[in-house]
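Chemist: the amino acid sequence is not available; the structure is as follows:
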Ligand SMILES: Nc1ncnc2c1ncn2[C@@H]1O[C@H](COP(=O)(O)OP(=O)(O)OP(=O)(O)O)[C@@H](O)[C@H]1O
Ligand SMILES: [Mg+2]
């Protein structure tokens, strides 16, 4: 039978009379947890921002025709030379269209799929931007703009103007920010583009597109799919790329493989395309947890020391308690309660401090050319981290309190009473 | 037979630093309402015996009965319970929890037992303090009272669960003759008024003479009881 009110009362009295040690021990936990919350919020915020920067611009599955050599060279089809050692020099890519065959049925098929959040057709072409006598090479991508906005955060990257303006104006263009700067153009101006075949078309700038990645912004612009098809002289079913967004990104690899086999086209998934990206996120998480755990271990040693000292000072008390009928377990619980109380108080303070710092960081201005949508440092506040934080605090104080309290449990009252 | 405490053939060795046979075949009993004292030269094993009888020391051979029940070989948890419920212990040095008030010190074993409500325990504790003429100290911190007062608080604490037997290891050894006499009178009154059984180790021959029975020890043996 455990009489908690008595045990907690004794624990409380010990903590209150040793206020200095209690505060020191709690502050250790507070710093550990505070640092964890701040770091984890900031680091995951950073991760998310970088994810947004690259991953959200990348479709979960990208369907297109790869320009590549035939796997089977004609010589290998020739029966007479079967089994011979054939060497083919100067292999050239297969003559094929960039157009996706049967793109419209594929799109319809994808849109019916339950796991697909959206599929958008694109037509990518190479063009020249004409500015006076200067020709700037670049890409113009024809898109279904409203669909793009729906399934990705495309809208965030339109720094001035709007996707609606593009939808409403057939000859509109969302010009890359780098291009706009180079050619001193802005919304409302006209820009002339010339196709590879030599046709020249004037387009009206309805918005500026800035992805934050300079290499892209210096060449990439967007226009309506129909417009791009028209200036390239292609039919309305001429589609070079299909971007697919799934409800669950983890299905991307298997789905990509299935689509590739089914339609006989190249299908890359986001995980393959961005494998190195995960590594960065993982390392940032690793740093966060390494730092927090280190701080907590330090705090744990502090608690361990303080409890050890306390038990040493309270030898007589422990002997009396045992002599008057408290069991070893009761005594252990008294000291464990102290550790847990320190963990709870320190931990909650840590959560508060972590929250305060996160809010503070979240309000610090952070302006960078590369990230047009970001104005303050990114912070990701999640209730989950606060739960983990308090669990961390309890775990570390529990471990730190266990050894000293176990020692107290085993103290032989006779030895203490004799020793006096 | 109404023996509250009975020891049968208790032997104890200290093994460190060298084997030392400290208690040799100790057999005796204390009856209900009896006030017995133990005397003997320093080092003859009185304290060692008392620690065994109070169930704090379990490293011995032989058998110990409290209230007719075999105590030897019970779990630590059970022994704590027995100490809590049946044994009141008063030390030579007045051990109190210095951070708690006098009243809290007295109440603690009863709160651990948990058989009564907080209010009942507090009333009883005040009554016990009153009986020992230190009721006015109840709210004081245990570290801020005199030695003689502390010893009386310790007695009140030992009595709070109305134990079967009260044991004392030189409870007056650290007190002046006035206070020592005071404690002796208290013990006698408890025996007479409440029928309490007592077993007290003492070096004070006058103290021993005024008890019902003197148990004499020499070299780990009882030579007269
Ligand atoms: N932990 C121990 N290890 C070894 N020997 C011990 C230990 N404790 C006590 N002794 C020895 O056991 C003997 C009995 O000790 P005990 O304390 O019981 O004597 P005592 O009769 O109470 O003496 P005193 O009247 O001085 O209090 C002594 O000779 C002492 O040296
Ligand atoms: Mg002794």
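Modeler: Structure received. Predicted model only: the values in this text are computed from it and were never measured. Ligands and ions are numbered 1, 2, ... in the order given.
Chemist: check the secondary structure at residue B:4 for me.
Modeler: Secondary structure state of residue B:4, per DSSP: H, G, I helix; E, B strand; the rest coil, is strand.
Chemist: gap between it and chain A?
Modeler: From residue B:4 across to chain A, the span is 17 Å (C-beta to the nearest C-beta, to the nearest Å). Placement of C-beta: from N, CA and C, glycine included.
Chemist: my guess is that residue contacts residue B:53, does it?
Modeler: No. Between residue B:4 and residue B:53 there is no contact under C-beta atoms under 8 Å: 10.9 Å.
Chemist: okay, these two: which has more neighbours?
Modeler: Per other C-beta atoms under 10 Å in any protein chain shown, whichever of residue B:4 and residue B:53 has more neighbours is residue B:53, with 25 against 22.
Chemist: I'd assumed residue B:6 was in contact with the more buried one.
Modeler: No. Residue B:53 lies out of contact with residue B:6 (C-beta under 8 Å); the separation is 9.8 Å.
Chemist: anything in contact with each of the two?
Modeler: residue B:64 (C-beta atoms under 8 Å, 6 or more residues apart in numbering or on different chains).
Chemist: can you map out the strands along the chain?
Modeler: Picked chain A for this. Counting by DSSP state E, chain A has strands at residues A:61-64, A:116-131, A:134-143, A:158-161, A:172-176, A:190-195, A:200-209, A:220-224, A:241-246, A:266-269.
Chemist: hmm, no, I was thinking of chain B.
Modeler: Going by DSSP E, chain B shows strands at B:3-14, B:20-31, B:35-40, B:61-66, B:69-70, B:87-90, B:165-169, B:197-201, B:213-218, B:221-224.
Chemist: which of the strands of chain A sits closest to chain B?
Modeler: Among the strands of chain A, the nearest to chain B by C-beta to the nearest C-beta is strand A:241-246 (59.7 Å).
Chemist: residue A:63 versus residue A:268, what's the distance?
Modeler: Note on residue A:268: its distance to residue A:63, by C-beta to C-beta, to the nearest Å, is 9 Å.
Chemist: those two: who's more crowded?
Modeler: A count of neighbours by other C-beta under 10 Å puts residue A:63 above the other of residue A:268 and residue A:63, at 27 against 18.
Chemist: need the contact list for that one.
Modeler: Residues counted as contacts of residue A:63 (C-beta under 8 Å, 6+ apart) are A:100, A:106, A:241, A:242, A:243, A:244, A:259, A:260, A:263, A:265, A:266, A:267.
Chemist: could you find the closest non-adjacent residue to it?
Modeler: residue A:242 (4.1 Å; C-beta to C-beta, 6 or more residues apart in numbering or on different chains).
Chemist: what parts of the stretch 301-420 of chain A come near ligand 1?
Modeler: The stretch 301-420 of chain A comes close to ligand 1 at residues residue A:418, as judged by C-beta under 6 Å from any ligand atom.
Chemist: report the closest residue of the stretch 301-420 of chain A relative to ligand 1.
Modeler: residue A:418 (5.9 Å; C-beta to the nearest ligand atom).
Chemist: you'd agree that residue is up against residue B:57?
Modeler: No. Assessed by C-beta under 8 Å, residue A:418 is found out of contact with residue B:57, at 10.1 Å.
Chemist: more crowded one of these two?
Modeler: residue B:57 (18 against 12).
Chemist: the more buried one and chain A: what is the separation?
Modeler: Taking C-beta to the nearest C-beta, one finds residue B:57 at 5 Å from chain A.
Chemist: need the nearest residue in space to that residue, chain neighbours excluded.
Modeler: In space, and not counting its chain neighbours, residue B:57 is closest to residue B:51: 4.1 Å by C-beta to C-beta, 6+ apart.
Chemist: out of the strands of chain B, deepest packed?
Modeler: strand B:87-90 (a mean of 26; mean count of other C-beta atoms under 10 Å in any protein chain shown).
Chemist: now do that one: distance to the chain's middle.
Modeler: Distance, stretch centre to chain centre, for strand B:87-90: 3 Å (C-alpha atoms, centre = their mean, to the nearest Å).
Chemist: who touches residue B:191 in this structure?
Modeler: B:33, B:34, B:35, B:197, B:198 are the contacts of residue B:191 under C-beta under 8 Å, 6+ apart.
Chemist: do residue A:361 as well
Modeler: By C-beta under 8 Å, 6+ apart, residue A:361 lies in contact with A:38, A:41, A:42, A:377, A:379.
Chemist: out of those residues, who's nearest chain B?
Modeler: residue A:38 (37.1 Å).
Chemist: what is the burial count for residue A:202?
Modeler: So residue A:202, with other C-beta under 10 Å, has 11 neighbours.
Chemist: so what pLDDT did it get?
Modeler: Note for residue A:202: predicted pLDDT of 91.
Chemist: ok, now how distant is the residue nearest to residue B:23 when sequence neighbours are not counted from residue B:62?
Modeler: Nearest-residue entry for residue B:23: residue B:12, 4.1 Å, with adjacent residues in sequence omitted and distances by C-beta to C-beta, 6+ apart. Per C-beta to C-beta, residue B:12 is found 8 Å from residue B:62.
Chemist: cool, residue A:302 as well?
Modeler: For residue A:302, the distance to residue B:62 equals 47 Å [C-beta to C-beta].
Chemist: what of residue A:392?
Modeler: Distance of residue A:392 to residue B:62, computed by C-beta to C-beta: 52 Å.
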